[in-house]
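Novice: Provided below are the primary sequence and the corresponding predicted coordinates.
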Amino acid sequence: MRIILVTDAWEPQMNGVVRTLKRTVEECRQMGHEVEVISPYDGYLIFPLPTYPEIKLALFAKKDIRRRIEKFEPDAIHIATEGTIGQTACALCLKWNWPFTTSYHTQFPEYIHARFPFIPLSLGYAFMRRFHNSGGRMMVTTPSMRDELLAKGFRNISAWARGVDTEAFNPDLRDVENGVYAGLKRPIFVNVGRIAVEKNMEGFLALGLPGTKVVVGDGPQLNELKKKYPDAVFTGAKYNEELARHFADADVFVFPSRTDTFGLVNLEAMACGTPVASFPVPGPKDIIGTSGAGAFDEDLRAAALACLDLDRGAARKHALTYSWKACAEDFVKNLEVPPGPERRRFWKRLKRLGGKVRPRLPKRLRRSAREKTEPPRTD
């Protein structure tokens, strides 16, 4: 197929959303699909998202986005994020009456509320519902995330698994005696991620744990937390093999976030053989389940201590069940694709009428929400 992926999150950004999208695109191309990525970094005028400068918002991109979509003549359009690029593509698809899918990567209502408490969660979810419910499907990561969003009024939800690179992240990198934490008191409890209020890093640093707490990453809260928790070790951001070694050499990976929809770093830790401790919230609790690869508890300290007694081999074994190939297969399966003849007529007519046409698509593409909602994969 010819697939257009529209996303406000793309390289050079470094986060779980970008890693997921990048690997999905790579796997889709290996499967023989053509994928065109539209992102803010394609020559558009951009400005940083307030309080989250790593994310760039593009302005005045509508004309070029329309031109690129018309030129590519996609079989399917997927809009991955709710930023200005995603909103522009959504508006075009609705104007053309062209089916599209979206994906739910981040609980932005909670992110916004954490920074600006005067903005109610209900307002944020109203915005998110309007965006995602306008598409044919919304792809989510886990069963509990699906249930939570259904209860909030989201529709047409389908599963989209995640994967992990089990070659780059592996237990062979572990070297306790001469590893990256040499000289630090054991056990080592580590967190890897963006140091920002929505990640609840302080929920980890405030725990009364033996040994040493290590934070790997960068972010707007870094200097504040370094001053407040001088006994913790802050390494800054790490990449590639050095990052994998920080996972592998740790004894426990502690994930204090209550707002992530999945937490790809949890799989990366498990792939290195490091068990994961988390709160019992959507995302991490689905990943851990009854696998023995970690523990979740409202008492995060108890979960972290419980992980010290877990088999590191079980964590690695569980991570091996998540593949990027399966992630890409789920993605392609969930796309909304009009029949071939209808697609060809649509793009010819659209070009002839200068983007002003609203073609009639077959009724089977406008199925009811009940027919489109499927239980996510649990394997």
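Specialist: Structure's in. What do you need? Numbers count the residues shown, from 1 in each chain.

Novice: just checking, E177 is part of a helix?
Specialist: No - counting by DSSP: H, G, I helix; E, B strand; the rest coil, E177 is not found in a helix; it is coil.

Novice: Tell me how many other residues crowd it.
Specialist: Number of residues near E177 (other C-beta atoms under 10 Å) recorded here: 5. For every residue, glycine as well, the C-beta is placed using N, CA and C.

Novice: and the gap between it and L209?
Specialist: The spacing between E177 and L209, counted by C-beta to C-beta, to the nearest Å, is 22 Å.

Novice: Now do stretch 63-77: distance to the chain's middle.
Specialist: Computed by C-alpha atoms, centre = their mean, to the nearest Å, the chain-centroid distance of stretch 63-77 equals 24 Å.

Novice: what pLDDT, on average, does it get?
Specialist: For stretch 63-77, mean pLDDT rounds to 95.

Novice: Contacts for that stretch, please.
Specialist: 1-4, 6, 36, 38, 42-44, 85, 88-89, 92-93, 98-101, 335-338, 343, 347, 350-351, 355 (C-beta atoms under 8 Å, 6 or more residues apart in numbering).

Novice: again with stretch 205-224
Specialist: The contact list for stretch 205-224, computed with C-beta under 8 Å, 6+ apart, reads 51, 181, 184-197, 199, 201, 204, 225, 228-229, 231-238, 243, 246, 250-251, 254, 300-301, 304-305.

Novice: quick one: which of the residues you listed sit in helices?
Specialist: Using DSSP state H, the members of the contacts of stretch 205-224 that fall in helices are 201, 204, 225, 228, 243, 246, 300-301, 304-305.

Novice: Now distance to S122 too, for those, in JSON lines please.
Specialist: Formatted as JSON lines, the ones in helices among the contacts of stretch 205-224 follow (distance: C-beta to C-beta, whole Å):
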{"residue": "M201", "distance to S122": "26"}
{"residue": "F204", "distance to S122": "29"}
{"residue": "L225", "distance to S122": "30"}
{"residue": "K228", "distance to S122": "32"}
{"residue": "L243", "distance to S122": "38"}
{"residue": "H246", "distance to S122": "39"}
{"residue": "L300", "distance to S122": "28"}
{"residue": "R301", "distance to S122": "32"}
{"residue": "A304", "distance to S122": "33"}
{"residue": "L305", "distance to S122": "37"}
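
Novice: Tell me the one of those nearest N133?
Specialist: Ranked by distance to N133 (C-beta to C-beta), the ones in helices among the contacts of stretch 205-224 are led by M201 at 32.7 Å.

Novice: The closest one contacts V192, correct?
Specialist: No - with contact defined as C-beta atoms under 8 Å, M201 does not count as touching V192 (10.7 Å).

Novice: Which of those two has more residues huddled nearby?
Specialist: M201 (26 against 22).

Novice: Quick one: residues contacting the nearest residue to M139 once chain neighbours are set aside.
Specialist: Leaving out its chain neighbours, the residue that sits closest to M139 by C-beta to C-beta, 6 or more residues apart in numbering is W160, at 3.7 Å. Residues in contact with W160 (C-beta under 8 Å, 6+ apart) are 103, 139-141, 327, 330-331, 334, 376.

Novice: Now restrict those residues to buried residues only.
Specialist: For the contacts of W160, a burial check counting by 16 or more other C-beta atoms under 10 Å picks out 103, 139-141, 327, 330-331, 334, 376.

Novice: Which neighbours in the sheet does the helix or strand containing H78 have, and how are they oriented?
Specialist: Per DSSP states H and E: H78 is located in strand 76-79. Strand 76-79 has the following strand partners under DSSP bridges: strand 2-6 (parallel), strand 101-103 (parallel).

Novice: Tell me which helix or strand comes right after the shortest one.
Specialist: Helices and strands here follow DSSP H and E; after strand 101-103, the next one along the chain is helix 108-115.

Novice: is it true that L308 touches D251?
Specialist: Yes - using C-beta under 8 Å as the test, L308 is close enough to D251 to be in contact (6.4 Å).

Novice: what residues are shared contacts of the two?
Specialist: With C-beta under 8 Å, 6+ apart as the test, L308 and D251 both reach P187.

Novice: which residues of the protein score low on pLDDT?
Specialist: Along the chain, the parts satisfying pLDDT under 70 run over 355-379.

Novice: what's the domain layout of it?
Specialist: Residue ranges for each domain of the chain read 2-163+325-372, 171-319, as given by automatic domain parsing.

Novice: in what helix or strand does M139 lie?
Specialist: Taking DSSP H and E as the criterion, M139 maps to strand 137-140.
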